[in-house]
Each structure stands twice: as C-alpha cells, then as structure tokens.
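Student: the following comprises the amino acid sequence and a computationally predicted model.
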Amino acid sequence: MSDPSPASPPSAAPQGDLAREALALAAFDHVVARAPGFRARAGQREMAAFIAETLAGVKLGDDSVSGEAGRPERGIAVVQAGTGVGKSAAYAATVIPLALAQERRVIISTATVALQEQLIAKDLPALAALMPQPFAYALAKGRGRYVCRLKLDTLAAGDDGSADLFEGEPGTRPAGDLAERTQTYARWAIALDQGDWDGDRDRLAEPPEGALWAPVAAERHTCTARHCPAYNGCSYYQARNRLAHAQVIVVNHDLLLSTLGLHALPKPQDCYLVLDEAHHLPDVAQGQFTAHMDLMHGTWLDRLPKAFDEVAKAIAHPHGVDLNEHARGAKAALAELARLGMAAVGPAVRDLASEAPPLAHRFDNGLLPGEWTEPLATLQAHAGVLLKLAEALAVQLRANARENPGEATRSAEHYARIGRFAPRLQSLHETAGLWLQGGEAGGPPLAKWLQAGVQHGMVTLSAHACPLQPGSLLHHHLWKHVRGAVVTSASLVTCGGFEHFLHEAGLAWDAATVTRMVQSPFDHARQGRLVVVHTEADPKDVDGYTREMLELLMADLREVRRGALVLFTSRAQMRSATGLLERGANADLRARVLVQGEASRTALLKRHAQRVADGEPSILFGLQSFGEGLDLPGELCEWVFITKLPFASPSDPVGQARADWLKAQGRDPFSELVVPATGARLLQWTGRALRTETDEATVVCYDARLLRQSYGRRMLKGLPPYRLQKRQAGVTADV
C-alpha cells in the first residue's frame, strides 16, 4: 500500500485556513526565538510547519467530514520524528496556540510515565512562560488513583465489612491485621482533613500495596458522584475540576481509550488530540478491548444474594428475582468452566513455580469444544439477570439521593455495596458472551484463550477473548470521532515505510491522514557504528546460539570503559548471562553489571550514572522495557549490545490467532506482521545508542540474520544510517 497523499498545498487552502496555518507557525517561531539557549533545528521547524498545514483546515465540534468544494475538515498528521528532533516542542508550540485561538482544548496522550512527567514538569511550564497567551495545563489520572472519602471514613472507623469481598482469593487481602489497616486508613483520613494529602495515591510518602489501596480506591461502579455526601471534598472530582479549567490535558493512552464516551475528558471531536509515543497505540487498544473472567474464584457470588436483597429491601425495590438461584447457577457454571479449563490446560500448570510465566491454551480459530457451550450460556444468562438487577438498584439509589438529600449518605453506602459486584458481573457476562460468538462473516474470528498460573501457592485460571484487528477497534472507537490530531513517535516507520503502523493504528484508509518522516539531526554514520556479528550457531538453535553468543558477549564486555546497555530477548537468556558472570573466568565482570529486577529502575539508573561519573565501567542488563524510553546520553551508553533480534514471544495467543487467520486468507503473517513489528522494536533498541549530537556509540547485534536474511535487510531499511560493519571470526569490516 502506498502512503496516503500529502496534505493539500497552501495555495489550495481557503484564506481562513492560511491564517490559521500562519498563526500556528508564527507561535512556534515566537517560542523558538525566545527560548533561552535554544538552537534552531531544521527538522523541528519542518515538523511544526507540517502540523500547522495539516490542522489549518480542521473544523472541531462537527460530525461532518468535508466542507466547501469537498475540502476535508479533518486532519491527522502522522509524523515520525527521529531522535533529537525535539518533537514535543514542535507539536506543543504549534497545536496549543491553534487551540487557544479557537477557545478549544488540547489532549496530549503518551504511553509512558516518564514522558508525562517531562511534559508536566519541564516542557509545558517552559512553553507557558514563553507564549504571549497564557494557558493552564493538568495531568489526568484514572479514578482509581484517587481515594474515595466515603470508603476511607468507613474503614478508618474500623468497619472492615468491605474486605469480605476479597475473602478466599490469594493476594487480595491487605497485609497486617484489622487494627493495623484501620490505623493506616485513619492516618490517611487525618492527612486529608489537614490538607497534607490531596487523595492522590501517587502522592503518599510510602506507595501502598495494591491490596491495601483497593478497598478505598474511587471506582465508577461505587460512586454516586454529585449525590455523594462527600462529593464536595472528593479528591477525584477536585482533580476533575482542575481538568475542567485546563486548556492542555496530559493523559496516557490507556486512560484516553478507557474513558471514551464517559465524559471524563473532552470529546475527541471537540479538541485537538496529540498522540505521542504512538507506536504503542495498537497494543494498548488490543489490551483495552480484551475481555476476561476469573474461573477459579467464585466465592464472591455467595455473598451477592444477601447484599442485593438487603439493599433492595432498604429502598423498597420489589425485584422478583430469585437471587440465590441465579447466584448458585452462575457459581456452578463457573465451576464447570474451571473443570473444563483445567482439563484443557493439562497438569503442567501444577508444576509451575510462582514466579514462572503463565501458561496459555488457545482455541484454534476461536472454535470451542461442544461441551463448553452449555455452561457458558448458563453463566451468561445468570450473570445477565444479576447485572440487570444491579443496574436497576443503582438507578433507584441515584434517584433517591437526588430527591432526598437527607438519605444521600445511606444511598451512597448502598450504591457502593452493590457496585462492588457490578464489574465482576460485567466481566462474566461480557466474556461468556464473546466466547459464545463466532467471527463475523468474512472477518477474523475472536482470539479465545485460557491463561493458567500459580499465585501465592494457588493455581489461577482465567478466560480471555479479544478482537484480532486493533486498527478496526481504533477506527470505530477513536478515529471516526477525531477531527484534528497529531500522531508521532520516533518509530512509526518500519522496514522503510508507514504502512504497517497505519494498518495497525486504523489509519490506513482514513482520507484525513497525511504522513511525514522528519530526519534526526544526528550524523549516524559519523557518530555511530552498527556491528553485526556472525555466529557459527543458528539463532534457531537456542541452546547452541545462546552459548556462543554469551561467550562473545563476555569478551565484548571487557572492552567497556564507561557505560553500556545489554538488551536480552527473554528473562531466561538474561539469567544465563548473569549466571556466567557469577562463576569461572567472568566472575570479575559481575561487579560492573547492574541487572534489571535487582532494584527499581530508578535506583539502577542512579547507581549506573554514579559509577560512570566516578570513572568506573558500568553495564546495564535489561529486557524490552529497557529497550525503549531509556535516555542515557554521552558516556552513560557508549555501547548497546543486542543479544538477538527482538521477535515477539511465539506464545502470544493473540499473535498466534492473527497468524492463523492470515494464513487462512492465503497471506504471510511473518512478512505482514512479525517482520514489521520486530523492525519497529529493533529501531527502538538501537535508538538507545545516540541521544545527543555529540554522542559516539557502537551497537553490536549478535544475530547475523540481520544481514543474511531478506527480512533482516528489510529491517535494516528502517534503521538510521549507521556505519554498517560485520564481524566474523574476530575480524570486523565495513559492509
């Protein structure tokens, strides 16, 4: 597929569009001219001009997609901005003035906390100080990051009744006894009263364990909003109020997608949307729209009839539902599904260690054995009846709180009690329904799989269902509502083109989409080398290749004089390398190495920086999460060692299901999906090497398939133009 056509030239734009484009670009130039110590970058201005041109004709707040003479009133600028371009300044200094001039707002969505913190603590404050028109900005967090004051007061008073929901489920009971938990909740309540804490979990001096936080976390299903007696002091709604007064809102992709249609954020059609780190968007969408249910723990259904019945009687709601029958029926169906699931997974799960990765059992083409149908249908029916009653009770409770303020506290307590069950009922009803579905005619089937593991010494088993095409999900839920957007990252182009990303992100056939590749200001051929090492063992021979690769790696690590990063494709591979360092001839290297997981990422990076500053060699061992978003300029990372091409795990059930479906269509999943995805990951990994225009670094890849195989050469097309060398039998030469 060819890239979408470029945006219309300025000469074709209406006069108003030209004025907007000029305004946006003038604002960018104004900021650049006044930023202290700022050095103009051609690529950054190219990106700003492209964004201004693309968004100039956008009409916000209107569902129509074309204006006079068929000119699009939507615009989506997809920009790959190489490392060092300064993309956040390019889009923020252009889009924000455009929004302010129209009294509209901007949502900036990221994939990582690190970029959010950079925007909130550094980039946006600097921009606000330079722009002639002031603006307010705020960070949006999910409701669950804030405390529910009503729940907190209840538990601080020693009422532990809410915790019975977690009874019998491993890892869900808070540590410590009731008295200790009560004291902790009481301290939090006092801190709220005295203004020493704003109710944000992330602002507590000691981050609480999940099991301690969960009983007091704000949740949509347990919240009566403005009808709650604690509404005026609600931490979440105070944060929402700050968002309402902010012209720029920073979010993450998960929150953006999970709140679509819930009015927690401005509607996509009413604001400008910036998606940074956009290469993560397809995976986030896939995760957001995956349904799942726990098959092993149904004891909460035993407590449901009493809770629902007592609330119904308290508000005189005659429901006519046999609660015990439906709860027992749902629990029995769940138990039967667990039995079938354990038989499908097999006995191997019982031999798993607690830290071992879970086992997955996928149903080919989404087709289930016949014996699954009856318990799934039974579960869906019982859960549907109970869920419908929960919704009816919730509607009446909200009405009671609205019409009788004196009953607001009691209504809120009842609402929270019912709300604790609602997400689980929804999970059962939705997942069972998807498992009963086949694929749409002519379309891909759903991926359906079981996931089993061991947690706290007990076997876990859950059922999952997921649509196979993230692009379709994003088109339906996001893009068809978006009027103006910037989609950017340093790794949108893979194997030399945008095609893979556009398909995965749902933009391939969107007429409003235009693309631009903005080159990095770095001189990669002068500043860096990419050395591909040829091994005797084929990477498909996992044991043989790993032994040979690790031997070569140990020799190379001895050449490190300052900072280095080693990226592994699996935890087992990293453990093998660490094991080699702890015995024999390589034991002296162990003191130089910091291994992911030995301490927090922040602590490891701090120790790494201190060692390098002290003139000592320091080597980081890490997995995928260290291959992206890690900023180690200068001496902190003069070497990047890539132990193997970073193909995705072959056990990924969604990836397997997609591959099977493509094969059934006569297509090649390896070429269509695996190679582009690996190329994008490889681009991120090699991007750890050069972070500034003065850096010099070497990337060493021990996987010779990068040169030997045609798909490896495809991946090379998407990498920056490093000086390319190959090493064979100890001899290194230019390619």
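Tutor: Arrived safely, thanks for sending.
Student: list the contacts for the closest residue to His280 other than its chain neighbours?
Tutor: Nearest non-adjacent residue to His280, counting by Cβ to Cβ, 6 or more residues apart in numbering: Ala111, 3.8 Å away. Quick note: C-beta positions are derived from backbone N, CA and C, even for glycine. Listed by Cβ atoms under 8 Å, 6 or more residues apart in numbering, the contact set of Ala111 reads 252-253, 276-277, 280-281, 284.
Student: now swap in His361 and tell me
Tutor: His361 sits next to 341, 344-346, 449-450, 452 when contact means Cβ under 8 Å, 6+ apart.
Student: quick one, which of the residues you listed are buried?
Tutor: 341, 344-345, 449-450, 452 (16 or more other Cβ atoms under 10 Å).
Student: of all pairs in the contacts of His361, which one spans the longest distance?
Tutor: Gly346 and Trp449 (14.0 Å; Cβ to Cβ).
Student: list the buried ones in the helix ranked longest in the chain?
Tutor: Longest among the helix segments of the chain by residue count, using DSSP state H, is helix 373-403. Within helix 373-403, the residues that count as buried by 16+ other Cβ under 10 Å are 375-376, 378-387, 389-390, 393-394, 396-398, 400-401.
Student: equivalent analysis for stretch 140-149, please.
Tutor: For stretch 140-149, burial by neighbour count (16+ other Cβ under 10 Å) applies to 140-143, 145-149.
Student: identify, from the residues you listed, the entry nearest to Phe522.
Tutor: Ala140 (33.5 Å).
Student: need the three-state assignment for the nearest residue to Gly57 once chain neighbours are set aside.
Tutor: Leaving aside its chain neighbours, Gly57 sits nearest to Asp17 (4.4 Å; criterion: Cβ to Cβ, 6+ apart). Recorded secondary structure, Asp17: helix (DSSP: H, G, I helix; E, B strand; the rest coil).
Student: neighbours of Asp17, how many?
Tutor: The number of residues packed near Asp17 is 21, by other Cβ atoms under 10 Å.
Student: could we number from 12 for the rest of this?
Tutor: Sure thing, new numbering starts at 12, so read that last one as Asp28.
Student: distance of it relative to Ile62?
Tutor: From Asp28 across to Ile62, the span is 14 Å (Cβ to Cβ, to the nearest Å).
Student: ditto for Ala289
Tutor: According to Cβ to Cβ, Ala289 stands 14 Å off from Ile62.
Student: then Ala100?
Tutor: 12 Å.
Student: again, but for His256
Tutor: Taking Cβ to Cβ, one finds His256 at 26 Å from Ile62.
Student: the two: which is more packed in?
Tutor: Ile62 (31 against 8).
Student: so Asp164, which of the three states?
Tutor: Secondary structure, three-state DSSP: Asp164 is helix.
Student: does Leu334 really touch Phe319, like I thought?
Tutor: Yes. At 5.5 Å, Leu334 and Phe319 qualify as touching, with contact defined as Cβ atoms under 8 Å.
Student: any shared contact partners between these two?
Tutor: Common contact partners of Leu334 and Phe319 (Cβ under 8 Å, 6+ apart): 397, 400.
Student: neighbour count for the two, which is higher?
Tutor: Using other Cβ under 10 Å as the criterion, Leu334 and Phe319 rank with Phe319 on top: 23 against 18.
Student: what sits against the more buried one?
Tutor: By Cβ under 8 Å, 6+ apart, the neighbours of Phe319 are 330, 334, 397, 400-401, 404, 429, 432.
Student: so where is the chain shaky, pLDDT-wise?
Tutor: For the chain, the stretches with pLDDT under 70 are 12-27, 73-83, 170-187, 364-367, 450-453.
Student: which one is the spatially most central residue of the chain nearest to, not counting chain neighbours?
Tutor: Centroid check for the chain by Cα atoms, centre = their mean gives Val295 as the closest residue, at 4.7 Å. Using Cβ to Cβ, 6+ apart and skipping the chain neighbours, the partner closest in space to Val295 is His264 (4.3 Å).
Student: Ala101 too?
Tutor: Nearest-residue entry for Ala101: Met58, 4.1 Å, with adjacent residues in sequence omitted and distances by Cβ to Cβ, 6+ apart.
Student: wait, a helix at the one you found?
Tutor: Yes. Remark: Met58 belongs to a helix, assigned using three-state DSSP.
Student: hang on, the earlier thing: ok, residues contacting the next helix or strand after the longest helix of the chain?
Tutor: Tracing the chain past helix 384-414, the next element assigned as helix or strand by DSSP states H and E is helix 419-430. Contact partners of helix 419-430, identified using Cβ under 8 Å, 6+ apart, comprise 159, 161-162, 165, 173, 230, 232-235, 238-241, 318-319, 322, 325-326, 401, 404-405, 408-409, 411-412.
Student: for the one helix or strand Thr557 maps to, buried residues please.
Tutor: Thr557 is part of helix 553-568, with elements assigned from DSSP H and E. Applying a neighbour-count criterion of 16+ other Cβ under 10 Å, one finds 556-557, 559-561, 563-565, 567-568 buried in helix 553-568.
Student: JSON lines for those, including distance to Lys617?
Tutor: Compiled in JSON lines, the buried residues of helix 553-568 are given as follows (distance: Cβ to Cβ, whole Å):
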{"residue": "Tyr556", "distance to Lys617": "34"}
{"residue": "Thr557", "distance to Lys617": "31"}
{"residue": "Glu559", "distance to Lys617": "34"}
{"residue": "Met560", "distance to Lys617": "29"}
{"residue": "Leu561", "distance to Lys617": "28"}
{"residue": "Leu563", "distance to Lys617": "30"}
{"residue": "Leu564", "distance to Lys617": "25"}
{"residue": "Met565", "distance to Lys617": "26"}
{"residue": "Asp567", "distance to Lys617": "25"}
{"residue": "Leu568", "distance to Lys617": "21"}
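Student: what's the burial count for the closest residue in space to Leu130 that isn't next to it in sequence?
Tutor: In this structure, Leu130 finds its nearest non-sequential neighbour in Val261, 5.2 Å apart by Cβ to Cβ, 6+ apart. Neighbourhood size, Val261 [other Cβ under 10 Å]: 25.
Student: isn't Val261 up against Ala149?
Tutor: Yes. Val261 is within contact range of Ala149, at 7.2 Å (criterion: Cβ under 8 Å).
Student: would you double-check that Thr526 falls in a strand?
Tutor: Yes. Counting by three-state DSSP, one finds Thr526 located in a strand.
Student: can you name the residues bridging to it?
Tutor: Val89 (DSSP bridges).
Student: how many neighbours does it have?
Tutor: Thr526 sits with 24 neighbouring residues when counted by other Cβ under 10 Å.
Student: ok, it touching Ile87?
Tutor: No. Thr526 lies out of contact with Ile87 (Cβ under 8 Å); the separation is 9.4 Å.
Student: related to what we said a few turns ago, which pair in the buried residues of stretch 151-160 spans the largest distance?
Tutor: Maximum pairwise distance among the buried residues of stretch 151-160 (Cβ to Cβ): 19.8 Å, between Ala151 and Arg160.
Student: could I get the full set of helices for the stretch 462-611 of the chain?
Tutor: Applying DSSP state H, counting those that start in this stretch to the stretch 462-611 of the chain gives helices spanning 481-488, 510-516, 535-538, 553-568, 582-592.
Student: packing partners for the second one?
Tutor: Going back to what we said before, that points to helix 510-516. Packed against helix 510-516 by the contact rule (3 or more Cβ pairs under 8 Å, 6 or more residues apart in numbering; DSSP states H and E) you find helix 292-299, helix 481-488, helix 686-697.
Student: can I get stretch 585-596 in PDB, CA atoms only?
Tutor: These are the backbone C-alpha positions of stretch 585-596, laid out as PDB (Å, rounded to 0.1, in the frame of the first residue of the first chain):
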ATOM      1  CA  MET A 585      19.400 -12.800  30.800                       C
ATOM      2  CA  ARG A 586      19.600 -15.300  33.700                       C
ATOM      3  CA  SER A 587      22.000 -17.400  31.700                       C
ATOM      4  CA  ALA A 588      24.200 -14.300  31.100                       C
ATOM      5  CA  THR A 589      24.100 -13.400  34.800                       C
ATOM      6  CA  GLY A 590      24.900 -16.900  35.800                       C
ATOM      7  CA  LEU A 591      28.100 -16.800  33.600                       C
ATOM      8  CA  LEU A 592      29.200 -13.700  35.500                       C
ATOM      9  CA  GLU A 593      28.900 -15.400  38.800                       C
ATOM     10  CA  ARG A 594      31.300 -18.200  38.200                       C
ATOM     11  CA  GLY A 595      34.600 -19.000  36.400                       C
ATOM     12  CA  ALA A 596      36.700 -16.700  34.300                       C
END
